[in-house]
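Trainee: what follows is a predicted protein model with its sequence.
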Amino acid sequence: MKNIKLVLASFAIAIAVISCGGKKEGSSEAGGNSLDGTWEIVKAEGTMADINKGTQYKFEGEKMTLGTGLLQSKGTYKLSGDSIIFTMDGGMVMKYTQSMVNDQLVLKVVGSDQVFYMDKK
């Protein structure tokens, strides 16, 4: 039972990685958001992070969808500096710090040791 709770908690953390509401900082000069598009976790570090490999994050304006197949969570995100606050439909909030390393999006879960390395699809 404890393992199931840990898996579910890790998935919830992964789901919350990204979403924005309102004006975005860190947008490209062309006026678009540099996160727009679909990103997929290709490498994961930290406690039970490997279960998140292959999870996709789709950013569209202020909206975000996280997950794969039937297991998807939707919501909005706010980008402020290097912080991302994802608010899922239903109210759960997740916080992340983000950076770009070469062409990879790197997300660190605030309050966790999980780090996700994502490639743009």
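Mentor: All right, it came through fine. Numbering: from 1, shown residues only.
Trainee: next SSE after the lowest-mean-pLDDT helix or strand in the chain?
Mentor: The element with the least model confidence among the helices and strands of the chain, by mean pLDDT, DSSP states H and E, is helix 2-15, at a mean of 43. Next in sequence after helix 2-15, counting helices and strands by DSSP states H and E, comes strand 37-45.
Trainee: give the partner strands of the next helix-or-strand element following that following strand in its sheet and their orientations.
Mentor: Downstream of strand 37-45, the next assigned helix or strand under DSSP H and E is strand 56-60. Counting by DSSP bridges, the strands paired with strand 56-60 are strand 37-45 (antiparallel), strand 63-68 (antiparallel).
Trainee: now do the buried residues in the longest one.
Mentor: Translated: strand 37-45. When burial is assessed from 16 or more other Cβ atoms under 10 Å, strand 37-45 yields the following buried residues: 39-41, 44. All C-beta atoms are positioned from the backbone trio N, CA, C, and that covers glycine.
Trainee: would CSV of those residues with pLDDT and distance to Thr76 be doable?
Mentor: Formatted as CSV, the entries for the buried residues of strand 37-45 read as follows, by pLDDT from 0 to 100; distance: Cβ to Cβ, whole Å:
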residue, pLDDT, distance to Thr76
Trp39, 96, 17
Glu40, 97, 21
Ile41, 96, 20
Ala44, 96, 24
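Trainee: would you convert the residues you listed into TSV that also reports distance to Gly54?
Mentor: Compiled in TSV, these are given as follows (distance: Cβ to Cβ, whole Å):
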residue	distance to Gly54
Trp39	12
Glu40	7
Ile41	6
Ala44	10
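Trainee: isn't Trp39 up against Phe59?
Mentor: Yes - look at Trp39 against Phe59 with Cβ atoms under 8 Å: they come within range, at 7.4 Å.
Trainee: show me the shaky parts of the chain.
Mentor: Scanning the chain for pLDDT under 70 picks out 1-33.
Trainee: list the contacts for the residue nearest to Glu40 when sequence neighbours are not counted?
Mentor: Excluding the flanking residues, the one nearest Glu40 by Cβ to Cβ, 6 or more residues apart in numbering is Gln56, at 4.9 Å. Contact analysis of Gln56 by Cβ atoms under 8 Å, 6 or more residues apart in numbering lists 38-41, 66-68, 121.
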